[in-house]
Structure formats: structure tokens, C-alpha cells
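> How does the following fold in three dimensions:
(chains A, B and C)
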Amino acid sequence: MGSVLLKNYCQRVVTPKGNTKTILNGIDLGVSQGEQVAIVGSSGAGKTTLLKALIFSSKPSSGQIFFNGQNPWLSSSVVRHKHRRLVSFVPQEPSFPLRQSVYNAVLAGCLPTTNLLTSLVSLIYPKNVDAVTEVLHKFQLSDKIANRVDQLSGGERQRVSLARALISEASFWTIDEPLSGLDPKLADTVIKTLRDHAKQKKITFVCTLHQVEFALRYFPRVVGIKEGNLAFDLPVERVTPSLLEDTYERHKNC
Amino acid sequence: MQVDLRLSEIVAYDNLENIFKFLAEFFPPHTEKDFLKAVLIALWETLAISIVGTLLSAIFGLTLAYFSSEYNDTIAGKISSDFCKFLLNVLRSIPELVWAALLIISAGLGPFAGCLAIIFHTTGVLGRLFSDALENVPPEAPGVLRINGVSNFNIFLHNKMSQLTVQFSSYILYRWENNIRVASVLGLVGAGGLGQLLSFHLGLFLMDKACTVILAMLLLILFVDGLSYSIRRRIY
Amino acid sequence: MLASEYRDTIARRNFTFVVIFIVLFFPLIQTVEFYPWVLFGEKNLKITIDFLSTFYPPNLTNTFLLKVFESSLQTVAIATVGLFFALLIGIPSALLITTALSVSEFENRKPVLPYFFRYLIRALLILLRSIPEIVWALIFVRVVGLGPTAGILAIALTYGGMLGKVYAEILESGDNPPGKYAMQIGCSRLQVLMYFLIPQNLLELLSYTVYRWECAIRSTVIMGFVGAGGLGFQLESSLKMFAGDEVLTILFAFIGLVWLSDYFSKSVRKSLT
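Model prediction:
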């Protein structure tokens, strides 16, 4: 249950000065269930906004989005919020409440499907400990379960943040820069873990990547964004170096 | 207003001797064993009123604060949120003594009315402080949780509250310092504790006994102030 | 650490808290006689409903509104005069106990006599402000009779204690290099006060004083309950007569008074900073 279709999707914002700035311009993009897609593009091209658009986090200025065949903006906010449980979003900058333990931080991934009673009980008697251990083990963090998140290194924090996606029951993953703060060997392990887990559970996996080599190596489909427009949307074999150079070329008259 | 000043001047100069004679009646404070026992019981009652009152206010205040700061999406939610804010304002505008005088009519004389009075007023105060703090939590972390489909209650419990426990404990301890003073004097309108004992003995002009009660109040207030201060130092 | 170890540690800690809380809380509830069902007992419920029904409509007759207005004015007068006398107590004590004006502090010596003297005055201030003002009011009502004087005296003593402590702290706050320089070159302490300490801290001193004035108005209403005049006194007599309509009007007047004084205090403080 994780397919998205964007039709002529536009996102505009009003800057503090009062001008209208177009962040996404007429994007047509469809992702079907179980696909794995990497989004590449230069900084500020609109990658994060596109990622957020896929999970209907804010209303489009114009155009449509269909999640699992339905337009979520036509339903009430309560229904829409229920659909959000099918999605897992991991932001670029991991943010946790101060002094939270790694255990609690990872458990936040389970929160969407935790009801009131379980939530209150878990205040006193921690639940889901095995699930948390399993997930931390995949990221080589099992011994850090009781540590405070703000005492971890940047790379460790990033892995805790990604662990939330693994532990959730979402069927659609949107991850913003999963490899930031990770050294190349660790990045290798992490992206493999994410990809294999997604493939096994048939989870639709979309992420933005700065490291183009990883995108080309691990993803069957690559989407390029340039200045808010869709530059290309191709299976990875057909992505040429000149196409990439074109996408990353900055506007000359800045 | 002119009547006020003239009155105070006359009293201050002419009756000075009488005032001193009157104040001398307070000392030495009465220390007979049975009476001291009664004072101790009243002291315990006052302490209990302040603790139960402050803790229950924290719970009710937190509940009202949650409802008044979270549900702004739907129209029904906005109405209930505004209603809770209004309720909190009414509760905290009316001082505890006035609440006590009103509640004695329904709850009868004794510590229950005093405890309820503290609960009504302090719920308003703490509820307002809590809801302001809840609204001022930096929105990035809750925002991510929202995008992931976490319910409002879970965001509140697992994200906002884990950031705010120290601050809220500090608020609660400050209110306890205030409430021990309030609990001491609510008895003056009949709401139990040391206040009721004081009013009784002052009414009978038993000044030395009244002095003991006042000293007990003073010790209790200083004790709670000190305890609250040391707890706050430890949790920071 | 193993996950199950972690869970057990946390669970054990939480369970202990819960148990301690329950064990301590129940005797407290019993002492306080916290039995909410009493409120809904047949007799009490009837009294409550009867009393509440007298509340509406509020008493808006001209004669009564005039009385309420006069009481409100009297409350403001009591608070203001009381605070004025509090200044007479607070300012001298603050100057005596503040270490910002102490030559021995400046020289970093620790002679016994000034310390002891300061400590004595500090203890006196603590005594003045730890005894709730309503208790002072009760005592003074026995001395000078019912009426505004008792309230004025009670406010003077309690708030004098508060102002003394906080003024001293405000004068000590901040580094104050100009003041230290003045001490260094031998200025008299009066000169240090007038030319350095006061100009530097004037805004904060005034701001705190205005805030305390606003608190004094609320205190005065409460003291009125034991006979110290003003709106509180009127509220108590209306309550005694179970005149709910009068009570409602007085409550509105009280809320309005508090709101006005709060607004006034905030705007004065805003214009100061």
C-alpha cells in the first residue's frame, strides 16, 4: 500500500519580502509500490520539497497528488492524518528532545501505531524492547541502547534517526539524505541495510542523495531535479554523465 | 481617602503604649504539651492540604493545558481549546481565599474546602504556564512526528513532555511554596489547618497560644521554602 | 547493555516511584478528607444549587454599584499607601544589607560585626515577609480595629520585607565597574549610591516596585476578608448574607480591577525599558 502519483504538481511560497518563489514547477512523477527511487540534484533544487510533497505534508499550490489512488487533500484532516501512518519520513537533520535515551528515540518510530493505553503503560513499563534491539543491531548500535542521544556522535545520531524508519510499520519510506554524516564504509552498510529491508518487506523506498555514486550503484531508478523542474526520470542504466552534469549545472546568471 | 491617613496617624501616635501592651501579650508563646500536640496535628493537616492541592492541580492543569494547546485543526477542536483557555483564566483570576469562602458553602467547613480552593486556583495558574510552555516547544521534532502520522497525544507524551519535565517540576515547586502560605491561612475562613486554629485562639484573645500557632506557620513556610529550593537545585 | 537489562532497570525505577507515590499519597488524602462525593450528597447539592441560583442576575442597581466603586477605590488607596510605607521600611533596610555598598565586601575582608549586623536585618526581613500578610492584618485588626488602617500596616510590613530583600539584590546584581572604580578612588558610599548604583539600576527598581504594587492590590482584597477594608471586606459581608447577585458583581469588579492594574503595571514597565 504505497504508491504515489504527482500530476503537474506545483509548490510556491511567498518570501518574507513578498515575492512569490516557485519551488516545484509542474512535476509529473509516479512511484508504484515496492519501487526504489533515488532523487538527485544540486542544493536548493527542491529535492526535500519534492520528498515532502510525495507524502502530502503540505498542500500543493496547484496540481494534484494521488496516494494509493486517492487524493488525500479531498479527505478530512483526520482521515488524512490516518493515512500518514503508512508513511515514514526521516528528515535531513536528526532532531531529538534533549536528554532522550536512544531507546526512546528509536521507539518514536512506533508511535504512529501506538494507541492511548499502550502509550501510557509504556511510560512505566518499556515495551517493544526486542524490536528496538533488532533494529539497532542492524546499524551496529546495540550497545548504545541506554545512552543519551545528545551524547552520541553525528554518525550515530543519523543511524538512530534511520532506525526509526526500520522499526515503523510504514509501507512507504521517504528519507532525506540518509548518508549524511556517515563515512564511506558505514554508508555502504547503511544503504544496503535499508535497501534490503525495503525489498524484503516490499516497502516503497524514495530518498534524496547527494552522493550520486551511491544512487547509481544501489538504486534501479533515478530522478533528477533542477531548479524545481523534473530534469530526468530514468532507469539507472540510461543515466549518462552528461545528463548528470547538466542537472547539477547552476544557473549562470546568479 | 483622607479619612484613611488621618486615622492611621492618630492611632500611631496616641495609642502607641496600648499597642506595645497588646503585643507583649503574645510572649512568651504557649508551650503546654497537649496544646503543642494540637498545633502539630494542624501543621500536618496544613502540609497535607498544600501537597494534595498542588499535586492534583498539576494533573488537572496539565490536562487542561493539553486540550487548550493541541486541537486547533478542526472547528470542534478550536472551540474546546478556546473553552479550556477561558476556563483556566477564570480559575486563576479568583484568589484561593475567595474560592475557599465559596466552596465552604458546598463542601462544608474543614480541610476539604481548603484543598479544593487551592486546586481550583492553582489549576488555572499551572494550566496557563503549562500551555504556554507546550506552545513554545521548538516545532522541528514534533513536526517530523506529525508528518509520520503520530497522534497529538503521543507527540505530547513522548516528545513535548520529555523536553519539559524539568521546567514543569520547577513551576510545580514554586507553586508549592506559594500554596503552603495559602494553606496556612485558608483556615481563617474555616478551611482547616493552622489558620483555623489561629482564628479560634485570636477570637478568644488567647494571644500566647496564637503566638505559638504563628510561629508554627513560620517554621512550616520556611521548611517548605528550603525543601523546594534544595529539590530544585538537585534537578537542575 | 542488553535490551532486557535496560527494560528491567527502567521498569524497576518507575515501579518504585509509583509505589512510593501511592503509599505517601493515600494518608495525605485521608488527612485532607478529600472525598469528592461529599459535594454531590443530597443536602450539599441542594445548598450549592440554591446558592448558585442567587448568582444570576448580578446586582446592578445604582446604589450597589456605587458602593462597589467606592470599595474598589478604597482598595487601591490602601494598596498604594501601604506600598508607600513599605518603601519606608524597604529602602533603608536594602541600603543596610546590600553588599554593593559595603566597604568590607569591596576590600574582600570579612569582619564579624558588619556581617552579624547585616545578617540580623536580613533575618528581620525574612520574618516580615514569611508571615502571610493576612495574619498581620488579623493582628492589626485587633489593635487598630476594623478598617483600612490594619490593611495599610499589614502591607507595609510584608511588602517592606520583600522590597528590602529584592532592592538589595538588584543593587548587587551586575558587575558595576563604574561603582567599583568610585569606591577605589575613595568616594563616600552615599556618592556611590547616588551617582552610580541608583542610575544604573533605576529601571529595574521601578519595574519591580510597580509589579509589587499590582500584587499589593490583590493582597488588599484578600485581607479585606478579615476586616481590613476595601473590596474584600464587602465581598465577605455579601457572602455571609448568601447574596449571590452581589457576590457576582463584586467578583466582576475584582477581575476588572486586577486586569486594570495589570494593564497599567505592564504599560508602565514597558515604557521604562
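> use CA for all of it now, contacts and neighbours both
Fine.
> CA-only coordinates of the helix or strand B:L97 falls within in PDB, if you can.
For B:L97, the element it lies in under DSSP states H and E is helix B:96-107. Included here for helix B:96-107 are C-alpha records, laid out as PDB according to Å, rounded to 0.1, in the frame of the first residue of the first chain:
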ATOM      1  CA  GLU B  96      -7.800  31.000  46.700                       C
ATOM      2  CA  LEU B  97      -9.300  32.700  49.700                       C
ATOM      3  CA  VAL B  98     -12.400  33.700  47.700                       C
ATOM      4  CA  TRP B  99     -12.700  30.200  46.300                       C
ATOM      5  CA  ALA B 100     -12.500  28.800  49.800                       C
ATOM      6  CA  ALA B 101     -15.200  31.100  51.100                       C
ATOM      7  CA  LEU B 102     -17.400  30.000  48.200                       C
ATOM      8  CA  LEU B 103     -16.600  26.300  48.400                       C
ATOM      9  CA  ILE B 104     -17.200  26.100  52.100                       C
ATOM     10  CA  ILE B 105     -20.900  26.500  51.300                       C
ATOM     11  CA  SER B 106     -20.800  23.300  49.200                       C
ATOM     12  CA  ALA B 107     -18.200  21.300  50.900                       C
END
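> So for it, mean pLDDT?
Taken as a whole, helix B:96-107 has a mean pLDDT of 90.
> Is that helix in proximity to chain C?
Yes: Helix B:96-107 lies within reach of chain C by CA under 8 Å from any CA of the partner chain, at B:97-98, B:101-102, B:105-107.
> I'd like those residues as CSV, with distance to chain A and neighbour count appended.
Shown next, in CSV, are the residues of helix B:96-107 next to chain C (distance: CA to the nearest CA, whole Å; neighbours: other CA atoms under 10 Å in any protein chain shown):
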residue, distance to chain A, neighbour count
B:L97, 36, 25
B:V98, 36, 21
B:A101, 37, 25
B:L102, 36, 20
B:I105, 38, 17
B:S106, 35, 21
B:A107, 33, 26
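> for the chain, which helix is longest?
Going with chain A. Criterion DSSP state H: the longest helix present in chain A is helix A:184-201.
> My question was about chain B, not that one.
The helix that spans the most residues within chain B, counting by DSSP H, is helix B:33-70.
> Where does the most centrally placed residue in chain B fall, secondary structure wise?
Nearest to the mean C-alpha position of chain B, by CA atoms, centre = their mean, lies B:N179 at 2.8 Å. Assigned by DSSP H and E, B:N179 falls within helix B:161-186.
> Now do the buried residues in that helix.
Across helix B:161-186, burial judged by 16 or more other CA atoms under 10 Å in any protein chain shown covers B:161-164, B:168, B:170-186.
> now stretch A:18-38
A:22-38.
> Straight-line length of that stretch, end to end?
End-to-end distance for stretch A:18-38: 34 Å, by CA to CA, to the nearest Å.
> Can you name the next helix or strand after the longest helix of chain A?
Next helix or strand after helix A:184-201 toward the C-terminus (DSSP H and E): strand A:204-208.
> From the rest of the structure, what touches the very next helix or strand once past that next one?
Beyond strand A:204-208 in the direction of the C-terminus, DSSP H and E gives the next helix or strand as helix A:212-218. Identification of contacts with helix A:212-218 by CA atoms under 8 Å, 6 or more residues apart in numbering or on different chains yields A:38, A:40, A:191-192, A:195, A:209, A:222, A:236.
> again, 7 Å this time
Residues outside helix A:212-218 that contact it (CA atoms under 7 Å, 6 or more residues apart in numbering or on different chains) are A:38, A:40, A:209, A:236.
> and the closest residue to chain C within chain A, how many neighbours?
Nearest to chain C, among the residues of chain A, is A:Y125, at 5.0 Å (CA to the nearest CA). Applying other CA atoms under 10 Å in any protein chain shown, we find 18 residues neighbouring A:Y125.
> Now render the residues of helix B:96-107 next to chain C as a markdown table, adding distance to B:V90.
Formatted as a markdown table, the residues of helix B:96-107 next to chain C follow (distance: CA to CA, whole Å):
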| residue | distance to B:V90 |
| --- | --- |
| B:L97 | 15 |
| B:V98 | 13 |
| B:A101 | 16 |
| B:L102 | 14 |
| B:I105 | 19 |
| B:S106 | 19 |
| B:A107 | 20 |
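> Kindly list the longest helix within chain C.
As assigned by DSSP H, the longest helix anywhere in chain C is helix C:62-97.
> now that helix: mean pLDDT?
90.
> what's that helix packed up against?
The contact analysis (3 or more CA pairs under 7 Å, 6 or more residues apart in numbering or on different chains; DSSP states H and E) places helix C:62-97 against helix C:112-130, helix C:148-172, helix C:198-223, helix C:231-240.
> rewinding a little: with respect to B:S93, which of the contacts of helix A:212-218 is nearest?
Ranked by distance to B:S93 (CA to CA), these are led by A:L209 at 55.4 Å.
> Quick check: which ranges of chain C have low pLDDT?
Applying pLDDT under 70 to chain C picks out residues C:1, C:103-106, C:174-176.
> Near chain A, which residues of it? Just list them.
Proximity of chain C to chain A, by CA under 7 Å from any CA of the partner chain, involves residues C:1, C:3-4, C:6-7, C:11, C:14-15.
> Might you enumerate the residues of chain B proximal to chain A?
B:141, B:147-151, B:154, B:159, B:162-163.
> how much space between B:M161 and B:R175?
Counting by CA to CA, the gap from B:M161 to B:R175 is 19 Å.
> Return the set of buried residues in stretch A:186-200.
The neighbour-count criterion (16+ other CA under 10 Å) identifies A:186-187, A:190-191, A:194-195, A:198 as the buried residues of stretch A:186-200.
> How about stretch B:132-143?
In stretch B:132-143, counting by 16+ other CA under 10 Å, buried: B:133-134, B:137, B:141-142.
> Just flag the most distant two among the residues you listed.
Maximum pairwise distance among the buried residues of stretch B:132-143 (CA to CA): 15.3 Å, between B:A133 and B:A141.
> how about the buried residues of stretch B:132-143 in a markdown table, adding pLDDT, secondary structure and distance to B:V224?
Output for the buried residues of stretch B:132-143, formatted as a markdown table (pLDDT from 0 to 100; DSSP: H, G, I helix; E, B strand; the rest coil; distance: CA to CA, whole Å):
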| residue | pLDDT | secondary structure | distance to B:V224 |
| --- | --- | --- | --- |
| B:A133 | 91 | helix | 25 |
| B:L134 | 90 | helix | 28 |
| B:V137 | 87 | coil | 30 |
| B:A141 | 83 | helix | 37 |
| B:P142 | 87 | helix | 37 |
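> what's the closest of the residues you listed to B:S68?
B:L134 (9.8 Å).
> Enumerate every residue touching that closest one.
B:L134 neighbours (CA under 7 Å, 6+ apart): B:69, B:160.
> Can you give the distance of the helix holding B:L97 from its chain's centre?
Going by CA atoms, centre = their mean, to the nearest Å, the spacing between the C-alpha centre of helix B:96-107 and its chain's C-alpha centre is 14 Å.
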